[in-house]
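Engineer: mind looking at a prediction? Sequence and model below.
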Amino acid sequence: METPIVDRIETKRAEKMSKLFLYIGIALISILLLKLYFGQNEFGSRRFWLNLLPMLLPTYLMIVGYKGLKKRTGQFIEWQKSKILYRLGENSLKQHILLDSITEVNIQLENIQVMTTEGEHNLNISDFTDYETIKRIKSNFEKMKLTITL
């Protein structure tokens, strides 16, 4: 019998993007405050609001983007001796797949379908952007696929 695959792969894409959104949002808010402080327009005038509006939308979008990306942090796939643990996408809960219950594995471009006796698990690996990492993930599932058919 072959030795089981023991591996852990993490992605930091969401963390990096959320930091970028946070820094851009802070910069936009700083520019907005400087514009308000040094502006020659009277507060409440029509010209004041027309100068303010183009800054509010990008600031709002940066904050919403940052909050959305924070939900995607901490993504990983971990192969253990008896199960696969994973946390992918916006789901904040760890999921697991028992290796004994796997009946079929379908490997696609950005999705891996794992059929088990309990149901189906779709692992979306689109947040893993490094070619070697994607290759390693698919290789681990390919090895599992071979052990299932034996």
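Structural biologist: Done, it's in.
Engineer: how about the helix or strand bottoming out on mean pLDDT in the chain, which residues are buried there?
Structural biologist: Every helix and strand of the chain was ranked by mean pLDDT, DSSP states H and E. The lowest is helix 46-70, at a mean of 81. The neighbour-count check on helix 46-70 (16 or more other C-beta atoms under 10 Å) flags 48, 55, 59, 62, 65-66, 69 as buried. All C-beta spots, glycine's among them, are computed from the backbone N, C-alpha and C.
Engineer: for that helix, packing partners?
Structural biologist: Using 3 or more C-beta pairs under 8 Å, 6 or more residues apart in numbering; DSSP states H and E as the contact criterion, the secondary-structure elements in contact with helix 46-70 are helix 13-38.
Engineer: what mean pLDDT does the helix it packs on get?
Structural biologist: For helix 13-38, the per-residue pLDDT values average out at 83.
Engineer: between it and helix 46-70, how many degrees?
Structural biologist: With axes from the mean of the first three to the mean of the last three C-alpha atoms, to 10 degrees as the criterion, the two stretches helix 13-38 and helix 46-70 enclose an angle of 160 degrees.
Engineer: please renumber so the chain begins at 7
Structural biologist: Okay, using 7 as the starting number, the last item reads as helix 19-44.
Engineer: just the buried residues of helix 52-76 now: which is nearest I118?
Structural biologist: Among these, L75 lies closest to I118 (C-beta to C-beta), at 22.7 Å.
Engineer: which residues sit in contact with the closest one?
Structural biologist: If a contact means C-beta atoms under 8 Å, 6 or more residues apart in numbering, then L75 has 20, 23-24, 27 as its contacts.
Engineer: show me which of those is closest to E110.
Structural biologist: Distances from the contacts of L75 to E110 were compared by C-beta to C-beta; the smallest belongs to A20, at 29.5 Å.
Engineer: read off the pLDDT value for the residue nearest the centre of the chain.
Structural biologist: The chain has R78 as the residue nearest its centroid, 3.8 Å off, counting by C-alpha atoms, centre = their mean. Among the per-residue scores, R78 holds a pLDDT of 83.
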